[in-house]
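K.L.:
next one to model:
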Amino acid sequence: MPLHRSLPSLALVAALALAPLAAHAEKKPIEQDMTPQEFRAAGLDKLTPEELAKLNTWLGRKIDTVATEAAAQAKDKVEDENRGFLHFGSDEPIVAHVVGAFRGFARNREYTLDNGQVWRQTDNAELVGARGENLEVRITPSVMGNNWYLAVKGFNTRAKVERVK
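P.N.:
Down below sits the predicted model:
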């Protein structure tokens, strides 16, 4: 597998694996995380042991919530940025516009989209008469495998494409 195709999966695995570890590492009692001076300056030395235990429980829940949200955001970001290199199970199409002139389909032709993605046609599909500026396209994943298909709005012909950037 080319390196650019394995990097997204490595990033996703890293993001998902590190989030729980980070949350676990941060869940020590507040009195152990602060210096004695910080603890006194915050007035926490005035709390009863029960109040301090409740504060630590609340902080633990808060850390879990923040870590879970951060992991979900990291996963979403990796999936969004790398969609097309890998199929993450979403059937949602990528909807964008071709930057500049569209001159129809042709094998090995590259299509630059306004979302920054670049796709290359890998089949011999043709689209006669489709010309225009900044045309809307939909790129959809196949039902099985990691194949993607580009269609121009208003036309039924699709071209098989692969993401190159």
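K.L.:
residue boundaries of the strands in this protein?
P.N.:
94-97, 101-102, 110-112, 118-121, 132-133, 136-141, 148-152, 158-163 (DSSP state E).
K.L.:
and the ones you listed, which one averages the lowest pLDDT?
P.N.:
Per-segment mean pLDDT for these reaches its minimum on strand 132-133, at a mean of 86.
K.L.:
by contact count, what packs against that one?
P.N.:
strand 101-102 (3 or more CB pairs under 8 Å, 6 or more residues apart in numbering; DSSP states H and E). C-betas here are computed from N, CA, C, even on glycine.
K.L.:
how far does the strand it packs on sit from the chain's center?
P.N.:
Centroid separation for strand 101-102 versus its chain: 28 Å, with CA atoms, centre = their mean, to the nearest Å.
K.L.:
ok, that strand: who's next to it in the sheet?
P.N.:
strand 132-133 (antiparallel) (DSSP bridges).
K.L.:
reformat the strands of the chain as JSON lines; add mean neighbour count.
P.N.:
Shown next, in JSON lines, are those (neighbours: other CB atoms under 10 Å):
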{"stretch": "strand 94-97", "mean neighbour count": "17"}
{"stretch": "strand 101-102", "mean neighbour count": "15"}
{"stretch": "strand 110-112", "mean neighbour count": "17"}
{"stretch": "strand 118-121", "mean neighbour count": "18"}
{"stretch": "strand 132-133", "mean neighbour count": "12"}
{"stretch": "strand 136-141", "mean neighbour count": "18"}
{"stretch": "strand 148-152", "mean neighbour count": "21"}
{"stretch": "strand 158-163", "mean neighbour count": "20"}
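K.L.:
so can I have JSON lines of those strands showing distance to Lys46?
P.N.:
Shown next, in JSON lines, are those (distance: least, CB to CB, whole Å):
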{"stretch": "strand 94-97", "distance to Lys46": "57"}
{"stretch": "strand 101-102", "distance to Lys46": "70"}
{"stretch": "strand 110-112", "distance to Lys46": "63"}
{"stretch": "strand 118-121", "distance to Lys46": "61"}
{"stretch": "strand 132-133", "distance to Lys46": "69"}
{"stretch": "strand 136-141", "distance to Lys46": "59"}
{"stretch": "strand 148-152", "distance to Lys46": "62"}
{"stretch": "strand 158-163", "distance to Lys46": "59"}
